[in-house]
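In: Next input, structure requested:
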Amino acid sequence: MSGHSKFANIKHKKEKNDAARGKIFTVIGREIAVAVKEGGADPDNNSKLRDVITKAKANNMPNDTIERGIKKAAGDAAAVNYEFVSYEGYGPNGIAIIVDALTDNKNRTAANVRNAFTKGKGNVGTPGCVSYMFDKKGQIIIDKEETELEADELMMTALEAGAEDFVAEEDSYEIITDPAEFSAVHKNLTELGIAMASAEVTMIPQNMVELADEEAVKNLQKTLDLLDEDDDVQGVYHNWDE
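Out: Residues are numbered from 1 along each chain as shown. Model (predicted):
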């Protein structure tokens with residue numbers, strides 16, 4: 001059993017999301033629009049849209065809001081002009097950071113991301129400079145208090161559903177999947193009535209790094225807060241062991 005709690009971080013993120021739910025829905029709405037433009041409005045034939053819908057439901061986006069977003073994007077595909085961009089760089093003490101964004105103005109987004117790194121005493125690097133330290137995986141977090149299943153039973157259920165790995169944490173269970181199997185595993189667990197605290201395709205660091213210096217923690221948090229406030233930013237991944 002791991003000595004730290006991923007669920008504590010999930011709860012922290014949820015609290016921030018609850019305080020800025022409009023921003024979260026806007027972010028996911030853009031992802032829906034881009035997914036529909038790239039692969040069509042049928043999630044059965046569009047795995048990217050299927051994954052975004054799963055993410056939307058995990059963030060408590062109402063079904064009718066999701067459906068409206070899909071219909072709007074399908075009926076007005078020419079108006080969807082967002083581009084996916086990704087940035088990699090370093091925070092204080094070499095903390096690795098990846099930033100994914102959807103933007104209609106790459107110059108604005110690049111300037112904002114660079115500013116966030118600079119204010120936190122970090123710097124944007126070249127493509128590929130830190131991404132090799134991460135693995136793209138589906139990640140499902142289950143609160144131990146929200147399931148009656150024992151660890152062994154839940155592990156077998158997850159593995160039989162197609163999961164790659166299962167980890168018991170202090171107060172939660174972490175289920176890891178191949179990105180291509182994420183939606184199927186999520187669907188199977190949902191049909192079994194298993195409540196999930198978080199479910200998304202994400203970038204998981206291969207190794208975590210602790211920060212003992214208070215000034216470094218303060219600066220890194222400044223960078224993460226600025227990125228979180230940016231409407232263009234869709235996701236931020238790092239290897240800081242909070």
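In: give me the low-pLDDT residue ranges for the chain?
Out: The model of the chain has pLDDT under 70 over residues 1-21, 77-80.
In: And the strands in it?
Out: Secondary structure of the chain by DSSP state E: the strands cover 83-90, 96-103, 123-124, 134-143, 165-168, 172-177, 198-205, 233-238.
In: Nearest to residue 53, out of those strands?
Out: Across the strands of the chain, residue 53 has its closest neighbour in strand 198-205 (10.8 Å, C-beta to C-beta). Just so you know, the C-beta spots here come from the backbone N, C-alpha and C atoms, and that holds for glycine as well.
In: JSON lines for the strands of the chain, including distance to residue 156 and mean neighbour count?
Out: Output for the strands of the chain, formatted as JSON lines (distance: least, C-beta to C-beta, whole Å; neighbours: other C-beta atoms under 10 Å):
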{"stretch": "strand 83-90", "distance to residue 156": "36", "mean neighbour count": "17"}
{"stretch": "strand 96-103", "distance to residue 156": "33", "mean neighbour count": "22"}
{"stretch": "strand 123-124", "distance to residue 156": "44", "mean neighbour count": "14"}
{"stretch": "strand 134-143", "distance to residue 156": "14", "mean neighbour count": "19"}
{"stretch": "strand 165-168", "distance to residue 156": "9", "mean neighbour count": "15"}
{"stretch": "strand 172-177", "distance to residue 156": "12", "mean neighbour count": "23"}
{"stretch": "strand 198-205", "distance to residue 156": "19", "mean neighbour count": "20"}
{"stretch": "strand 233-238", "distance to residue 156": "29", "mean neighbour count": "20"}
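In: Quick one: closest of these to residue 72.
Out: Going by C-beta to C-beta, the one of these nearest residue 72 is strand 96-103, 15.8 Å.
In: Quick check: neighbours of the closest one in the sheet, parallel or antiparallel?
Out: Strand 96-103 has the following sheet partners, assigned by DSSP bridges: strand 83-90 (antiparallel), strand 233-238 (antiparallel).
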